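1. just a sequence and a predicted model for now, questions to come.
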Amino acid sequence: MQPPSDVTVGTTTSSSVTLSWTAVSRASDYNIYRNGVLVPASPIGSPQFTDTGLQAETTYTYQVRNTPFVVSGCNS
């Protein structure tokens with residue numbers, strides 16, 4: 001499964017940033033990493049995320065990873 005693509009930065013304020021990306025087929029959720037650390041709101045189910053509580057004049061790096069849709073406990 002390919003990772004999310006076209007990750008873009010949308011609205012920004014002095015304490016928040018909104019990220020969006022192209023949805024991945026067969027992905028159930030997305031994990032968001034800020035500066036290499038999983039953000040507490042993860043996983044999220046939509047291809048958009050707003051990170052809040054940020055410090056002004058600080059550089060942040062983000063990574064978006066999809067989680068595969070898994071079916072378990074199937075009875076026949």
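-> All right, it came through fine.
2. quick one, what contacts Pro4?
-> By Cβ atoms under 8 Å, 6 or more residues apart in numbering, the contact set of Pro4 is 21-24, 27, 30, 47, 64-66. Placement of C-beta: from N, CA and C, glycine included.
3. same thing but 10 Å
-> 19-24, 27, 30, 47, 63-66 (Cβ atoms under 10 Å, 6 or more residues apart in numbering).
4. that one - nearest residue in space that isn't next to it in sequence?
-> The spatial neighbour of Pro4 that comes closest, neighbours along the chain excluded (Cβ to Cβ, 6 or more residues apart in numbering), is Trp21 at 4.2 Å.
5. residues making contact with the strand or helix carrying the one you found?
-> Applying DSSP states H and E as the criterion places Trp21 in strand 16-22. Strand 16-22 has contacts (Cβ under 10 Å, 6+ apart) with 2-12, 30, 32, 34, 46-54, 60, 62, 64, 66.
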